[in-house]
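> A structural model of the following input is requested.
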Amino acid sequence: MSKVTDWKSLTYVVVDVEGNGQQPPELVELAIVPIIGGVIDDPVCWMVRPGEPIKYMETAIHGIRNDDVADLPPFAEYRDDVLSMLDADAIVAHNAHVDVSVLRRQLPDWHCPEVFDTLKLARRLMPGHSSYKLGALVDALGFGAGLPDGLGPHRATHDALVTAGLFAALVARAGSLDELRQVAGGGDDEVPTLF
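This is a model prediction of the structure:
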């Protein structure tokens, strides 16, 4: 198998979560973008009503207000659909341990597959950037162009789609799945944040 294409042998789901700002954070919005055969598929997104209110600072970041979710079902009603979507060989996320930890709390019986963190990968494969925040990388690489209308940063669908694009670009720089895994195997040097 070609080194450039061997990463396509796995199925991936790119995930992004937005939270309510509580400790521990509860899920407010979740988006999942499948990557199958190296092709980025359409996103699926759920907004849910958390058990605790969304804090003001979180609303200021992602724009989701308590009124927006007041009449929505809780996450438990989407559990089976989410588990079905998460059935992949690997998870991809930016600052992945935050997304994975929220999903593990929501889905305690979920077996998390292999994880590729685009934050760690970008730091190692794209040295020299002044910031590795998702928004800074999107601006630097132009991943924001061509997204569906109405999507904005810090919303789960937007962030999952641009993370999928970033992951594809990072795969091209790594050259092979084995090299990607070697690069991804670095230490946990990131401070967790969830908006």
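
> going by C-alpha atoms from here, please, whenever you check contacts or count neighbours.
Noted.

> any figure for the gap between Pro153 and Thr118?
With distances taken as Cα to Cα, to the nearest Å, Pro153 is found 16 Å from Thr118.

> with neighbour numbers in mind, choose between these two.
When neighbours are counted by other Cα atoms under 10 Å, Pro153 and Thr118 differ, and Thr118 comes out ahead with 25 against 17.

> can I assume that one is in contact with Asn95?
Yes: using Cα atoms under 8 Å, Thr118 is in contact with Asn95, at 6.9 Å.

> what bridges to Val31?
If you look again at residue 31, you'll see it is Ala, not Val. Beta bridges link Ala31 to Asp16, Cys45 when assigned by DSSP bridges.

> wait, it sits on Ala164?
No: counting by Cα under 8 Å, Ala164 is not a contact partner of Ala31; they are 11.5 Å apart.

> which of the two has more residues huddled nearby?
Neighbours of Ala31 and Ala164, each counted by other Cα under 10 Å, are more numerous for Ala164; the result is 28 against 23.

> can you tell me the SS state at the more buried one?
Using DSSP: H, G, I helix; E, B strand; the rest coil, the secondary structure recorded for Ala164 is helix.

> excluding chain neighbours, what is closest to it?
Val14 (6.0 Å; Cα to Cα, 6 or more residues apart in numbering).

> in three-state terms, label Lys120 for me.
The three-state label given to Lys120 by three-state DSSP is helix.

> ok, back up a step: and the helix or strand harbouring the residue nearest to Ala164, what does it pack onto?
In the assignment (DSSP states H and E), Val14 maps to strand 12-19. Helices and strands in packing contact with strand 12-19 are listed as strand 27-36, strand 90-93, helix 96-106, helix 156-174; criterion 3 or more Cα pairs under 8 Å, 6 or more residues apart in numbering; DSSP states H and E.

> how about these in TSV, adding distance to Tyr132 and mean pLDDT?
Output for the helices and strands packed on strand 12-19, formatted as TSV (distance: least, Cα to Cα, whole Å; pLDDT from 0 to 100):
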stretch	distance to Tyr132	mean pLDDT
strand 27-36	21	97
strand 90-93	13	96
helix 96-106	13	94
helix 156-174	11	93
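
> got TSV for the ones you listed, with distance to Thr5 too?
Compiled in TSV, these are given as follows (distance: least, Cα to Cα, whole Å):
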stretch	distance to Thr5
strand 27-36	12
strand 90-93	16
helix 96-106	24
helix 156-174	9
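
> please name the nearest non-neighbouring residue to Gly38.
The spatially closest residue to Gly38, leaving aside those adjacent along the chain, is Lys8, at 4.8 Å (Cα to Cα, 6+ apart).

> which residues does the one you found contact?
For Lys8, the contacting residues are 36-38, taking Cα atoms under 8 Å, 6 or more residues apart in numbering as the criterion.

> among these, name the buried ones.
Among the contacts of Lys8, those buried by neighbour count (16 or more other Cα atoms under 10 Å) are Gly38.
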